[in-house]
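Chemist: Fold the following.
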Amino acid sequence: MKTIFCNTIFPLILTGIFLSSCQKEPGRSMNNSGSVELQFENVVSGQPLILGDTYFNAFGEDFKVTKFKYYITNIEFLNTVVGTHEKIANSYFLVDEQDALSKQITVLAPVGTYNAVSFIIGVDSIRNVSGAQSGALDPALDMFWTWNSGYVMAKLEGSSSFSSLVNHMIEYHIGGFKGTENVLKRVTMNFPSQTEVSEAKNLIVKLSADAKLWFENPHSLPISTNPTCTSPGTLARKFADNYANMFSVSSVVSE
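Modeler: Here you go, the predicted model:
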């Protein structure tokens with residue numbers, strides 16, 4: 001009987017001690033998750049972006065946008081009050097103004113309380129050197145430089161009467177992930193207040209992206225002197241510095 005006690009009861013006691021020491025953090029779930037939808041609205045000076053319409057930048061230059069795309073990847077949800085963050089695995093998405101469905105990104109996040117969202121504008125270096133891929137990273141989506149073996153992180157095309165290019169074209173294909181050519185930008189935006197992710201409701205985070213900010217803050221990049229940027233380098237980094245500021249959270253609601 002003593003042998004039975006030692007071989008069965010004692011391990012159960014140790015198991016109980018172990019489980020009691022591994023309790024979940026209060027208010028959080030280790031296994032459960034809830035749906036979070038990131039809804040992107042592309043705008044110019046706060047007004048909805050309409051492809052082909054005429055807008056003006058901070059320098060009084062007119063411009064029309066005919067193509068507007070950018071990668072949203074490596075999404076994280078943060079609680080900066082307690083210093084926690086949750087990384088969303090395999091989160092690679094391409095937002096394309098010509099594709100309404102692409103502007104609605106749905107992911108699963110661990111149940112908990114958050115007050116900010118964070119993501120990278122662009123495709124991380126590992127995926128840049130992983131060869132041909134599928135889904136949002138499919139080279140067929142016209143966001144991959146075959147000549148330079150890397151992704152275009154963000155793209156804006158259109159026209160402006162201030163452009164010296166043929167047909168007054170403007171063309172910005174921003175890329176580069178190596179060393180001093182790296183244009184990857186992680187942006188973090190606070191929610192209006194702390195927000196719960198739960199299994200019972202769908203959390204909707206509405207964000208806007210202002211195309212006008214490609215040309216200003218922190219760098220002044222008028223179209224007249226910069227009608228094009230289609231290769232890695234100093235100018236590409238400046239455009240990336242600017243468009244890193246184009247995002248803002250419009251609202252956060254649970255449904």
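Chemist: which intervals of the stretch 101-250 of the chain have sub-threshold pLDDT?
Modeler: Residue ranges of the stretch 101-250 of the chain with pLDDT under 70: 132.
Chemist: cutoff 90 now
Modeler: By pLDDT under 90, the low-scoring segments of the stretch 101-250 of the chain are 129-133, 146-149.
Chemist: And the strands in it?
Modeler: 104-110, 112-121, 144-145, 150-159, 169-175, 185-197, 203-210, 228-229, 247-254 (DSSP state E, counting those that start in this stretch).
Chemist: what does stretch 190-200 rub up against?
Modeler: 32-34, 36, 77, 79-81, 109-117, 203, 205, 249, 251-252, 254 (Cβ atoms under 8 Å, 6 or more residues apart in numbering). C-beta here means a position set from N, CA and C on the backbone, and glycine is covered the same way.
Chemist: Using neighbour counts, give me the buried entries of these.
Modeler: By neighbour count, with 16 or more other Cβ atoms under 10 Å, the contacts of stretch 190-200 hold 33-34, 36, 77, 79, 109-117, 203, 205, 249, 252 as buried.
Chemist: Regarding the chain, what is its longest strand?
Modeler: Across the chain, the longest stretch assigned as strand under DSSP state E is strand 62-79.
Chemist: got the angle between that strand and strand 104-110?
Modeler: Here strand 62-79 runs at an angle of 10 degrees relative to strand 104-110 (axes from the mean of the first three to the mean of the last three Cα atoms, to 10 degrees).
Chemist: centre of the chain versus strand 62-79, how much separation?
Modeler: Between the centre of strand 62-79 and the centre of its host chain there is 6 Å, according to Cα atoms, centre = their mean, to the nearest Å.
Chemist: That strand vs strand 150-159, what angle?
Modeler: For strand 62-79 against strand 150-159, the angle by the same axes, to 10 degrees is 140 degrees.
Chemist: Buried residues in strand 62-79, which are they?
Modeler: For strand 62-79, a neighbour-count test (16+ other Cβ under 10 Å) marks 63-65, 67-79 as buried.
Chemist: Using PDB, list the CA coordinates for that strand.
Modeler: Provided in PDB are the C-alpha atoms of strand 62-79 (Å, rounded to 0.1, in the frame of the first residue of the first chain):
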ATOM      1  CA  ASP A  62      -2.400  69.500 -57.800                       C
ATOM      2  CA  PHE A  63      -2.300  65.700 -58.000                       C
ATOM      3  CA  LYS A  64      -4.500  62.800 -59.000                       C
ATOM      4  CA  VAL A  65      -4.100  59.300 -57.600                       C
ATOM      5  CA  THR A  66      -4.700  56.300 -59.900                       C
ATOM      6  CA  LYS A  67      -3.100  53.600 -57.800                       C
ATOM      7  CA  PHE A  68      -2.600  53.400 -54.000                       C
ATOM      8  CA  LYS A  69      -1.300  50.300 -52.200                       C
ATOM      9  CA  TYR A  70       0.600  49.400 -49.000                       C
ATOM     10  CA  TYR A  71       1.500  46.400 -47.000                       C
ATOM     11  CA  ILE A  72       0.300  46.000 -43.400                       C
ATOM     12  CA  THR A  73       2.200  43.300 -41.600                       C
ATOM     13  CA  ASN A  74       3.400  41.900 -38.200                       C
ATOM     14  CA  ILE A  75       0.300  43.200 -36.400                       C
ATOM     15  CA  GLU A  76       0.400  43.600 -32.600                       C
ATOM     16  CA  PHE A  77      -2.200  44.600 -30.000                       C
ATOM     17  CA  LEU A  78      -0.800  46.400 -27.000                       C
ATOM     18  CA  ASN A  79      -1.700  47.400 -23.400                       C
END
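Chemist: Might one say that A236 is in contact with E181?
Modeler: Yes. At 7.3 Å, A236 counts as touching E181 under the criterion of Cβ atoms under 8 Å.
Chemist: which of the two has more neighbours?
Modeler: Each of A236 and E181 has its neighbours counted (other Cβ atoms under 10 Å); A236 has more, 23 against 16.
Chemist: Number of residues surrounding the nearest residue to the more buried one once chain neighbours are set aside?
Modeler: Excluding the flanking residues, the one nearest A236 by Cβ to Cβ, 6 or more residues apart in numbering is I174, at 5.1 Å. A count of nearby residues for I174, using other Cβ under 10 Å, gives 27.
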